[in-house]
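Student: My questions are about this predicted structure, shown below with the sequence.
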Amino acid sequence: MKKFLLTLGLVSSFAGVAMAQGRTQPADSTRRVAGAAGMAGNAARSAKPKPYAEVITDKAQSKSGFFKTHKVEDKYFFELADSVLGREILVVNRISKAGAEVRASSGYAGDQIGSAVVMFEKGPDDRIFMRKISYATYSPDSTKSMYQSVQRSNVQAIVAAFNVAAYGTNNKSSVIDVTDYIKGENEIFSFSSAAAKTRIRLGNFIPDRSYIQNVRSFPQNVEVTTVKTYVLTPPTTGFGAAPSGGAAANSNLNGSSTIEVNTSMVVLPKKPMQPRYFDPRVGFFTVGYTDFDANPQGVKEIQMVKRWRLEPKEKDMAKYKRGELVEPKEPIVFYIDPATPKKWVPYLIAGVNDWQKAFEKAGFKNAIIGKEAPSAKENPNWSIDDARHSAIVYKPSEIPNASGPSIADPRSGEIMESHINWYHNVMKLVHDWYFIQTAAIDPRARKMEFSDELMGDLIRFVSSHEVGHTIGLRHNYGSSSTVPVENLRNKKWVEANGHTPSIMDYARFNYVAQPEDNISPKGIYPRIGDYDLWAIEWGYRILPNAKSAEAEIPLLNKMTVEKLKNRRNWFGTEINPDDPHSQNEDLSDNAMKASEYGIKNLQRILAKLPEWTREENEGYENLENMYGQLTTQFNRYMGHVAKNIGGIYENPKTVEMEGSVYERTPAATQKEAMTFLDKQLFTTPTWLLAPNVLNNTGSNPLVVVSRSQQAVLNRLISNATLTKLIAAEALDGAKAYKVTDFFNDMNGSIFKEVKNKQAIDVYRRNLQKMYVQELIDIVKPAPAPTGAQAAQQGGRGGNTAPTMDARTSDVVSVAKAELRNINNMIKASAATQSDSLSNYHLLDLSDRINEALDPRS
């Protein structure tokens with residue numbers, strides 16, 4: 001089966017360091033080298049261990065757990081039992097408190113800033129080494145032939161060295177002074193990379209304003225809280241950015257920012273959980289490595305899905321094997337941050353508990369539970385930063401978003417914990433989505449402030465989606481494409497089945513339903529659906545007869561082949577730029593019909609937009625914002641349709657399954673897409689240009705229209721799309737939608753007035769100029785950008801699939817032919833044009849084409 005290496009978590013190291021910002025502090029790199037060499041709390045290397053009682057005195061504040069920790073006056077010590085040495089420890093660093101000055105895309109309490117896997121071991125001369133463990137290359141079985149060779153070629157870096165301050169009873173433990181190391185700046189107890197600091201405007205570390213606040217030890221983890229201060233660098237973009245080299249650039253150099261960092265040191269299981277290998281037909285996140293033993297004639301990229309360790313209790317295993325529902329040994333528990341407004345807590349909990357029915361498909365009841373975090377009075381030792389606790393963390397942020405990351409054992413994919421990021425302003429995001437997609441059919445959406453009940457329902461949906469990520473599931477952008485478009489208007493069907501089979505899709509809300517359909521919220525909101533139930537069954541069902549991940553493969557494949565006979569269980573990846581079935585923000589099996597219904601609803605909303613956005617004593621900011629949301633939704637519909645041109649369906653299969661993995665979008669479907677674009681986009685969508693909206697928002701009607709048209713032209717008139725059309729003809733022959741068919745349709749749509757010798761209005765003149773310029777850019781491309789310019793520009797039109805060099809394919813040939821055809825039409829029409837501006841426009845186009853085809857003319 002084709003494998004895709006998706007993530008290699010926890011194995012990267014970073015060498016970039018921020019430049020000093022006007023201070024005479026040692027460079028970060030100098031401090032990191034010093035830390036690695038044993039600067040962290042070490043006396044001179046010649047110092048010998050002292051008696052235990054002289055180091056851990058009667059003044060010591062000691063705590064027992066995974067390993068003992070001691071505070072003696074202002075010094076902190078780790079006491080590492082011999083049983084701890086050699087154990088792999090997952091280290092996760094998060095910001096627990098921060099100032100407003102560092103908040104950008106990150107910098108909030110709960111944000112992860114680094115992670116690594118480390119191991120302590122005894123070194124020579126009474127020293128303890130800390131190694132950073134990499135799983136980039138791996139031979140998991142010490143009995144296999146390549147194990148020793150791989151070990152010799154994959155020496156784990158020593159990132160810190162500590163003198164043994166004292167030995168414990170019978171020399172069975174080693175005491176090390178970690179004070180300077182853990183309060184300092186290094187890749188283990190701080191940011192994993194300079195880039196992570198730069199993103200939140202932190203420069204050089206300031207040691208004399210940094211300290212250790214607390215160290216707590218628990219049975220499976222040690223929690224370290226440090227306060228660290230950095231030089232605050234000027235913002236590079238946006239409001240307040242300092243001009244390069246100017247006075248303002250130096251005005252902020254003496255500023256600083258202090259953050260509180262929580263470091264969790266979590267011991268990984270001695271025996272890793274049995275992994276489950278990734279299958280591209282079911283969408284799970286992965287961890288992976290290069291295995292030198294799996295393939296006797298080469299290497300193999302191994303990907304293991306990320307999932308929690310759910311196991312039946314020993315006494316219930318017989319029941320589980322009989323198919324009875326049992327409770328797991330340890331359920332997945334998500335606590336709700338105490339900072340969360342109380343009225344939203346029940347909805348967040350419901351979003352967690354909604355997944356219980358999915359885990360029942362895997363044989364477990366009460367497998368996932370949402371709970372309010374205990375108060376300080378109920379449990380004074382409970383902390384949201386404790387790595388034993390997964391949580392939904394509420395952040396007072398303007399970022400309109402939420403995210404569901406998780407931390408997994410790189411040896412097996414076992415998820416150890418998760419902190420879902422819940423930004424306060426996600427409510428604006430869901431408000432705007434729901435307003436623009438449903439106000440035509442749901443009166444509750446026709447206002448700028450929703451009722452608590454409606455907003456709570458929307459919070460529940462987002463909560464459930466993010467929890468889906470934390471239990472391992474990736475986005476399933478293809479799920480909604482399995483639903484026949486007319487079913488979305490069928491009240492009985494859609495309320496029973498939902499408008500998409502997966503809450504992991506970006507399908508949002510049912511924008512296809514029309515007012516006369518009388519669809520209730522049950523047929524509008526997303527919900528956990530058939531695919532989600534199947535994916536959790538695939539990922540979490542225990543297969544008692546399979547004693548290894550390899551033994552599971554044929555059993556899981558048999559299950560998958562059978563399940564995929566129902567198209568609603570299909571997984572459509574989020575990363576395929578060519579498959580029209582895998583798109584975000586879309587609905588149904590027919591983008592053209594769905595988008596027509598969506599446009600009808602947008603037209604209804606636009607007619608009422610000034611009324612529904614009106615708030616007393618306010619200006620027109622609401623109208624401006626929601627008009628922008630409406631035009632954005634219109635542009636999404638155009639993009640959904642345009643992806644059908646040159647589309648290639650992808651259906652991952654094993655050899656036991658019928659049909660091909662790749663199929664070209666049928667010619668009839670592509671023709672339907674071109675007809676839609678002609679009607680809804682290239683024919684000027686004047687309905688978008690409501691005077692009572694434009695005159696109160698200052699929106700430029702020419703920009704509104706051209707922005708929509710330009711985005712679609714960027715995709716259609718591109719080397720990628722044209723190459724796919726040419727390749728489709730080579731494969732499918734007469735059945736294909738040929739590149740010549742495509743250009744005939746484009747010409748007929750964009751140059752109607754020229755063919756009919758009619759006057760051309762300003763919108764159509766702009767469209768024709770954009771179209772001709774796209775063709776010229778193929779024939780006479782601009783020099784390729786380099787360096788920072790290339791990084792800023794990124795891809796073109798979102799179409800990133802590998803293509804042939806246009807210079808050695810037919811792409812340039814057909815583009816030149818199309819320019820000649822256009823030029824001939826212009827020459828035939830220009831002489832008869834009575835409209836002056838139309839005539840000037842056509843003569844200009846002809847000049848541009850002549851220059852592109854023959855610069856010497």
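Tutor: Great, that's in hand.
Student: Tell me the secondary structure at the closest residue to Val705 other than its chain neighbours.
Tutor: Closest residue to Val705 apart from its sequence neighbours, by C-beta to C-beta, 6 or more residues apart in numbering: Tyr763 at 5.4 Å. All C-beta spots, glycine's among them, are computed from the backbone N, C-alpha and C. Following DSSP: H, G, I helix; E, B strand; the rest coil, Tyr763 is assigned to helix.
Student: cool, Met265 as well?
Tutor: Under three-state DSSP, the three-state class of Met265 is strand.
Student: list the contacts for the residue nearest to Val705?
Tutor: 684, 702, 705-706 (C-beta atoms under 8 Å, 6 or more residues apart in numbering).
Student: what do you get for Ala513?
Tutor: By C-beta under 8 Å, 6+ apart, Ala513 lies in contact with 441, 488-489, 494, 519, 523-524, 597.
Student: can you check Ile648 too?
Tutor: Ile648 neighbours (C-beta under 8 Å, 6+ apart): 578-579, 662-665, 724.
Student: remind me which residues of the stretch 751-857 of the chain are low pLDDT?
Tutor: Across the stretch 751-857 of the chain, residues meeting the criterion (pLDDT under 70) sit at 784-807, 857.
Student: Just the element for Ile259, please.
Tutor: strand 256-267 (DSSP states H and E).
Student: From the structure, what's the count of residues near the closest residue to Gly539 other than its chain neighbours?
Tutor: Using C-beta to C-beta, 6+ apart and skipping residues adjacent in sequence, the residue nearest Gly539 is Arg307, 5.0 Å away. Residues within reach of Arg307, counting by other C-beta atoms under 10 Å, total 24.
Student: Quick check, Arg307 in contact with Gly413.
Tutor: Yes. Arg307 lies in contact with Gly413 (C-beta atoms under 8 Å); the separation is 6.2 Å.
Student: Pull up the overlap in contacts between those two.
Tutor: Arg276.
Student: Give me the residue at the spatial middle of the protein.
Tutor: Centrality entry for the chain: nearest residue to the mean C-alpha point is Ser403, 7.9 Å, by C-alpha atoms, centre = their mean.
Student: what separates that one from Glu516, distance-wise?
Tutor: Using C-beta to C-beta, to the nearest Å, Ser403 is found at 38 Å from Glu516.
Student: Going toward the C-terminus from the strand holding Ile259, what's the next helix or strand?
Tutor: Using DSSP H and E, the helix or strand that follows strand 256-267 in sequence is strand 286-291.
Student: What's opposite the residue nearest to Phe77 when sequence neighbours are not counted in the beta bridge?
Tutor: Excluding its sequence neighbours, the residue lying closest to Phe77 (C-beta to C-beta, 6+ apart) is His70, at 4.3 Å. Beta-bridge partners recorded for His70 (DSSP bridges): Ser62, Phe77.
Student: Kindly state the pLDDT recorded for His70?
Tutor: Note for His70: predicted pLDDT of 97.
Student: Also the one 10 residues further on?
Tutor: Reading off the confidence values, Leu80 has pLDDT 97.
Student: pretty sure it contacts Lys172?
Tutor: No. Applying C-beta under 8 Å, one finds Leu80 not in contact with Lys172, separated by 10.2 Å.
Student: Look at the two and report which has more neighbours.
Tutor: With neighbours defined as other C-beta under 10 Å, Leu80 and Lys172 compare such that Leu80 has more, 23 against 10.
Student: Could you point out the helix or strand that follows whichever strand or helix holds that one?
Tutor: Using DSSP H and E, Leu80 sits in strand 75-81. Next helix or strand after strand 75-81 toward the C-terminus (DSSP H and E): strand 89-97.
Student: buried stuff in that following strand?
Tutor: Across strand 89-97, burial judged by 16 or more other C-beta atoms under 10 Å covers 89-96.
Student: Direction included, what does it pair up with?
Tutor: With DSSP bridges as the test, strand 89-97 pairs up with strand 112-123 (antiparallel), strand 256-267 (antiparallel).
Student: Show me where the stretch 501-650 of the chain has its helices.
Tutor: Using DSSP state H, counting those that start in this stretch, the helices of the stretch 501-650 of the chain run over residues 530-540, 549-563, 591-612, 621-642.
Student: what would these look like in CSV with mean neighbour count, distance to Arg446 and mean pLDDT?
Tutor: As requested, the helices of the stretch 501-650 of the chain are exported to CSV (neighbours: other C-beta atoms under 10 Å; distance: least, C-beta to C-beta, whole Å; pLDDT from 0 to 100):
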stretch, mean neighbour count, distance to Arg446, mean pLDDT
helix 530-540, 24, 31, 98
helix 549-563, 15, 41, 96
helix 591-612, 20, 4, 98
helix 621-642, 20, 11, 98
